[in-house]
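K.L.:
Following is a predicted model, sequence given first.
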2 protein chains.
Amino acid sequence: MSDTQEPSLDEQIAAYQREFRDLDPQVEQVVSALGRLNRRMNVAYGRQVAELGISNAEWEVLKHLVLSGAPYRLGPGELAKRLGLTPAAMTHRIDRMATEGLVTRDRDETNRVRVIVELTDEGRTKWLEAMRMATAFEEDLLQDLSSEERGALGEMLIRLLRRVEHAQPDAGGRLTDLG
Amino acid sequence: MSDTQEPSLDEQIAAYQREFRDLDPQVEQVVSALGRLNRRMNVAYGRQVAELGISNAEWEVLKHLVLSGAPYRLGPGELAKRLGLTPAAMTHRIDRMATEGLVTRDRDETNRVRVIVELTDEGRTKWLEAMRMATAFEEDLLQDLSSEERGALGEMLIRLLRRVEHAQPDAGGRLTDLG
DNA sequence: GCATCGAACTTTAGTGTTGAAGTCTTCAGG
DNA sequence: CCTGAAGACTTCAACACTAAAGTTCGATGC
């Protein structure tokens, strides 16, 4: 049936050049590689955390709670902002995670408008296990790069990051998660 | 209320090191920067194509049809595989895009099990406009990098890409889109 | 101290996605 | 031919997210 194959990166760039004459192949290579790499990595993360019985989405929440430092508490609104979700979506996500025992949800007794989401021991343990798997994967991923290369790569990525962040100064308000 | 701020990349890495002792900061910097950069870029793309009245999801479909080359035809199944969606989702997405006039959907007369999705002129025009905006954005993004740096960056990203693709040889079958 | 405004979260309606079951077409045997 | 099996897509039910409206509590002004 000669089923069309997933094009390689080079084939893809060549195709773009055929269809769109003023295209800088060097720029396109960077951008396309970035996009593909990220998607593959997210799939990999997803498979790993699935082994722990949690979804990528839940792992993100755990990450941000841990990042907030002990006692690992954040409000739904703050979590929503950091994850790039609407507060409504956050409400439901926390519901699920609370019934699964990963977090607790309580009203703030000093200000009963607010809600406090707090990591449980189980949630913290899950995060630790996920983190162990993730870092092992990341080490393996970067294995072919020397320390100098890693440094140069990180530095260039940060320069790009600064540029996007400056270019669109958080216009929408929501930040759509972090890495 | 001293509302917690979105942590900077450096703050985030420092927090991870506090919570997880064996963490290579250099690796984490690369990985975190990659993740953040990609998300910001996707938000930027989304805003741009929204000006054309299409969603990021629709733009992805247009991209893959164009990449397939004239006469810009692919089946729903093939599109689903390339976009990393289930066939069911593809069916609905094509529905919408067909009513919007971006693509046509027809049965293959030589094999009536198959369906052919074909780009319309309007769809091709939209893609072109989106492409113009995207490349302008990408040029701007990479502005601070010299040609040598761009080459080195692209080369390193491709090395990483090869590693993920090799590490998990398409295990699930679906490839979750490309860049 | 009562009414109003605003903040923080939840609820509701609508859209998009998944996984599983269903339909229709083709192909291979008998 | 007619049957059975496999392939390609669609339909259906359940779930997740968004935008907008609703609820509840706290603060401010009179």
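P.N.:
Yep, that arrived.

K.L.:
Looking at the longest helix along chain A now, give me its mean pLDDT.
P.N.:
Longest helix of chain A, by residue count under DSSP state H: helix A:25-50. What helix A:25-50 shows for mean pLDDT is 93.

K.L.:
Next, the angle helix A:25-50 makes with the helix or strand just after that helix.
P.N.:
Downstream of helix A:25-50, the next assigned helix or strand under DSSP states H and E is helix A:56-67. Angle, helix A:56-67 to helix A:25-50, by axes from the mean of the first three to the mean of the last three C-alpha atoms, to 10 degrees: 90 degrees.

K.L.:
Same question for helix A:56-67: list its buried residues.
P.N.:
By neighbour count on 16 or more other C-beta atoms under 10 Å in any protein chain shown, the buried set for helix A:56-67 is A:58-67. Where C-beta positions appear, they are placed from N, C-alpha and C, glycine not excepted.

K.L.:
same check, this time on stretch A:12-25
P.N.:
Using 16+ other C-beta under 10 Å as the test for burial, stretch A:12-25 gives A:12-13, A:15-16, A:19-20, A:23-24.

K.L.:
do the longest helix of chain A and chain B meet?
P.N.:
Yes. Under the criterion of C-beta under 8 Å from any C-beta of the partner chain, chain B is reached by helix A:25-50 at A:26-44, A:47.

K.L.:
in chain A, which spans are strands?
P.N.:
A:73-74, A:103-107, A:115-119 (DSSP state E).

K.L.:
quick one: the residue in chain A that DNA strand C sits nearest to and residue B:48, what's the gap?
P.N.:
Per C-beta to the nearest atom of the strand, residue A:77 is where chain A lies closest to DNA strand C, at 2.5 Å. Remark: distance between residue A:77 and residue B:48 (C-beta to C-beta, to the nearest Å) = 28 Å.

K.L.:
of the two, who's got more company?
P.N.:
residue B:48 (18 against 13; other C-beta atoms under 10 Å in any protein chain shown).

K.L.:
OK, contacts around the more buried one?
P.N.:
By C-beta atoms under 8 Å, 6 or more residues apart in numbering or on different chains, the contact set of residue B:48 is B:130, B:133-134, B:137.

K.L.:
and which of these is nearest residue B:110?
P.N.:
Among those, residue B:130 lies closest to residue B:110 (C-beta to C-beta), at 32.4 Å.

K.L.:
Quick check: closest non-adjacent residue to that closest one.
P.N.:
residue B:49 (5.1 Å; C-beta to C-beta, 6 or more residues apart in numbering or on different chains).

K.L.:
Surely the one you found is in contact with residue B:131?
P.N.:
No. Contact criterion C-beta atoms under 8 Å: residue B:49 and residue B:131 do not qualify, at 10.1 Å.

K.L.:
Among those two, which residue is more densely surrounded?
P.N.:
When neighbours are counted by other C-beta under 10 Å, residue B:49 and residue B:131 differ, and residue B:49 comes out ahead with 23 against 19.

K.L.:
burial count for the residue nearest to residue A:87 when sequence neighbours are not counted?
P.N.:
Leaving aside its sequence neighbours, residue A:87 sits nearest to residue A:80 (C-beta to C-beta, 6+ apart; 4.8 Å). Neighbours of residue A:80 under the rule other C-beta under 10 Å: 20.

K.L.:
if I pick residue A:80, what's in contact with it?
P.N.:
Residue A:80 makes contacts with A:86-87, A:89-90, A:174, as judged by C-beta under 8 Å, 6+ apart.
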